[in-house]
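Participant: following is a predicted model, sequence given first.
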Amino acid sequence: MANSLFAVLSRDWLGVPVAVLVTGAGGGLAGVGAAWAVALGGLVTAVGVLLGAGAVRHLVLVARERRENPPPGRLVDVGGRRMHVLAEGEAGSGPTVVWMSGGHAPGGELRELHTMLAARTRSVLVDRFGSGWSDVGRFPRTTAGEAEELLAALEGAGERGPFVLVGHSFGGLLVANVARRRPDLVAGLVLLDPTPLEVIAFAPLSRQLAGMRRGFLLMAVRQLFGAHRGPGGRAGQGCAAASIFAELSPSGLAAVGWETVVYDGDLGDLPLVLVIPRDLIGGEAVLAGARDQVEAERISRFYLRSRVRYLAASTASRLVHTPEGTGHDFPHEAPGFVAGVVEDLVRELRAVSP
């Protein structure tokens, strides 16, 4: 039911017929003739007119955004929908670096890192369906499905492995899934504080992720009716994020866990670099929810231990800590450090297999 709603709300033109229906309902009420009906009908009609004006504004903003900001890369056909792939730089002796941002953000979130690496090797940014310049894609959105779509997009864009896949947070979970499915295409993996599924399944109850999902849906509705500031974002972007964030709950994970988890030994001897902060900077809100100091210490221990779980996925894994004072958002806080870690792995892989 939820994904059917997302599929409907993701259509940017939907606000116009909704506004027409509301306006028509207001006119019907006013036609009843009773004083209360006339007053209520006038109010509903006014709301419909406002919704219609907002819906038209939204369509104008979306059209302007598309006209003024064309995609810098290629739009590749993936299952009848277009996915945006930006590839720059020369691979030379390989491998090609593929970036995946956190959350359900577009590839452009890591544009600074991409630019750094493209000066030295081939670097690729991909917008998941429902982000950036890519089409919305089909619902439900899932990590397992997006792993297959990413592989298809790279192939359709003419990019050839071996790849070094680099993913931040939720993007780390995605690229680990790609590596599990197609180890023959992956030379190495750099996971930037990737989402550990143990946190979703076993962490203390948190309303933060559920609130984020509601926020994405509300954002989509506001965009449909032009009730937002800034450029014309598409309603489908919020719907896509809301759909895939359903995985990030105990019940959502239970439905997709087997297809989504990357467990101990799943990656064989694939070179894997896990990059994480030393402490829980930025996690103060989670610790603040503890009942007492004993539980706070347990929560801290749980999060710190779950962070390193990905090391067990490969026998060729190693741990790198981020610079002092950086938190989960370290790819933006210390981009030069992250670029250096990825370059080091690329250099090592070239030395082993020139």
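Facilitator: Done, it's in.

Participant: any idea which helix is longest in the protein?
Facilitator: Criterion DSSP state H: the longest helix present in the chain is helix 35-68.

Participant: other SSEs contacting the very next helix or strand once past that one?
Facilitator: Following helix 35-68 in sequence order, the next helix or strand is strand 74-78 (DSSP states H and E). Where contact means 3 or more C-beta pairs under 8 Å, 6 or more residues apart in numbering; DSSP states H and E, strand 74-78 is packed against strand 81-88, helix 143-156. Any C-beta I mention is one placed from the backbone N, CA and C, and that applies to glycine too.

Participant: could these go into a markdown table alongside mean pLDDT?
Facilitator: Output for the helices and strands packed on strand 74-78, formatted as a markdown table (pLDDT from 0 to 100):
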| stretch | mean pLDDT |
| --- | --- |
| strand 81-88 | 98 |
| helix 143-156 | 98 |
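
Participant: adding mean neighbour count and distance to Phe6, write those out as TSV.
Facilitator: Formatted as TSV, those follow (neighbours: other C-beta atoms under 10 Å; distance: least, C-beta to C-beta, whole Å):
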stretch	mean neighbour count	distance to Phe6
strand 81-88	21	15
helix 143-156	20	14
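
Participant: in a markdown table, list the ones you listed along with distance to Asp184.
Facilitator: Below are those laid out as a markdown table (distance: least, C-beta to C-beta, whole Å):
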| stretch | distance to Asp184 |
| --- | --- |
| strand 81-88 | 20 |
| helix 143-156 | 11 |
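
Participant: ok, which stretches of the protein are strands?
Facilitator: Along the chain, the segments classed as strands by DSSP state E run 74-78, 81-88, 96-100, 123-126, 163-168, 186-192, 272-276, 317-321.

Participant: need the nearest residue in space to Glu148, chain neighbours excluded.
Facilitator: The shortest distance from Glu148 to any non-neighbouring residue, by C-beta to C-beta, 6 or more residues apart in numbering, is to Arg181 (7.3 Å).

Participant: how about the helices and strands packed on strand 74-78, which one is nearest Pro277?
Facilitator: Comparing the helices and strands packed on strand 74-78 against Pro277 with C-beta to C-beta, the closest turns out to be helix 143-156 (22.9 Å).
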